[in-house]
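In: Sequence and predicted structure are below.
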Amino acid sequence: MDLDKRTIEHLERQQYKVVAGVGAVKLCHWMRQKLIYGRPCYKEEFYGIKSHRCLQMTPTVNICNFRCLFCWRYHGMTGIGEKKYPEPEELLENCLREQSLLVSGFKGDKRCDPSLWEEARSPNQVAISLSGEPTLYPKLGEFIELCRRKGMTTFLVTNGSVPKALAKLSCLPTQLYVTLAAPNADIFERLCVPQFPRAWDNLMETLELLPSLSTRRVVRHTLVSGWNMGWEEEYAKLDDIAEPDFVEPKGYVFVGDSRTRMTMDNMPSHASVSQFSAKLASLLSMEVLREREDSRVTLIGSRRTRLRIAD
């Protein structure tokens, strides 16, 4: 079943473009920053992607099995029941078309770099992360493979709730993000609000699976003041299970629908994120390699680990 009219209207007010019934595209804040001001997102500095050539999308805009309190996305989810999912070709074609239309408006802005605008019309990076839980899309592996055939890199962001879906992917993304937003099951249940039993056990299975996946793996800790900071030793034990290439502590930001569930006090300062990261890096025998204060984020890893995407 596709999205209802009321849900589509709500998403469109938030500048989403719904595609193929259950997917969506939305221009990232950093797309505008790069085109108008030349400022890249932290992922460009950390991992080598091009912010203005990034397609931010989801195959499951209104389908998620968590209700994370810190999530800025719309929480009017309809569940994970029977859906009419599009084929990968239809999904990607529609996403690219909507992205092109969204980017077209920048051409008339005198501040926009014409060469960057031309490049932005041809995305070469797909961030499968916009909203919902993408591993619930049954043809995710085929979609990633299609992107690869078209010469595009892919970043997949998952809440780790469906380890079986990750294990059976026919094609792995260029980079796999797993969000680990709690140091233990109790905080996880209260902060991430899973909608099914054994969600913490599933997340632990995902962490155990990660070392066997032949791709670049990142564990993200979304840090929320008053909720999940101060347990560096517990996080380190979980990170050791996952053996990620990088750990990315990132502070919660008081934006979007999360403002109905959180307060400004829940948004940690960059200094507190840096302090957390330094202690965690030491426990992991790693280093803080990079940081971006405006995004309240750091990158933990080994200097021997390759940062850039291969050509």
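Out: Perfect, I can see it now.
In: List the contacts of Pro40.
Out: Contact analysis of Pro40 by Cβ atoms under 8 Å, 6 or more residues apart in numbering lists Trp30, Gln33, Lys34, Lys50, Ser51. Using the backbone N, CA and C atoms, a C-beta is placed for each residue, glycine as well.
In: Please report how far it lies from Leu69.
Out: 29 Å (Cβ to Cβ, to the nearest Å).
In: if we can go back for a sec, now the two most distant members of the contacts of Pro40.
Out: The largest separation in the contacts of Pro40, counting by Cβ to Cβ, is between Gln33 and Lys50 at 12.7 Å.
In: Let me know whether my guess that Met204 is in a helix holds.
Out: Yes. Met204 forms part of a helix when assessed by DSSP: H, G, I helix; E, B strand; the rest coil.
In: per-residue confidence at the nearest residue to Glu243 once chain neighbours are set aside?
Out: Spatially, and ignoring its direct neighbours in sequence, Glu243 is nearest to Pro211 (4.3 Å; Cβ to Cβ, 6 or more residues apart in numbering). pLDDT for Pro211: 98.
In: tell me the helices in the stretch 201-311 of the chain, going along the chain?
Out: 232-242, 270-283 (DSSP state H, counting those that start in this stretch).
In: With mean neighbour count as extra columns, can I get these in JSON lines?
Out: Shown next, in JSON lines, are the helices of the stretch 201-311 of the chain (neighbours: other Cβ atoms under 10 Å):
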{"stretch": "helix 232-242", "mean neighbour count": "18"}
{"stretch": "helix 270-283", "mean neighbour count": "18"}
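In: Just send those back as JSON lines, with distance to Ile63 and mean pLDDT too.
Out: Output for the helices of the stretch 201-311 of the chain, formatted as JSON lines (distance: least, Cβ to Cβ, whole Å; pLDDT from 0 to 100):
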{"stretch": "helix 232-242", "distance to Ile63": "25", "mean pLDDT": "98"}
{"stretch": "helix 270-283", "distance to Ile63": "30", "mean pLDDT": "98"}
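In: could you dump those helices to CSV with distance to Lys150?
Out: Putting the helices of the stretch 201-311 of the chain into CSV (distance: least, Cβ to Cβ, whole Å) gives the following:
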stretch, distance to Lys150
helix 232-242, 30
helix 270-283, 36
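In: Now do the end-to-end distance for stretch 10-23.
Out: Distance between the two ends of stretch 10-23: 14 Å, counting by Cα to Cα, to the nearest Å.
In: tell me which element Glu119 falls in.
Out: Assessed by DSSP states H and E, Glu119 sits inside helix 114-120.
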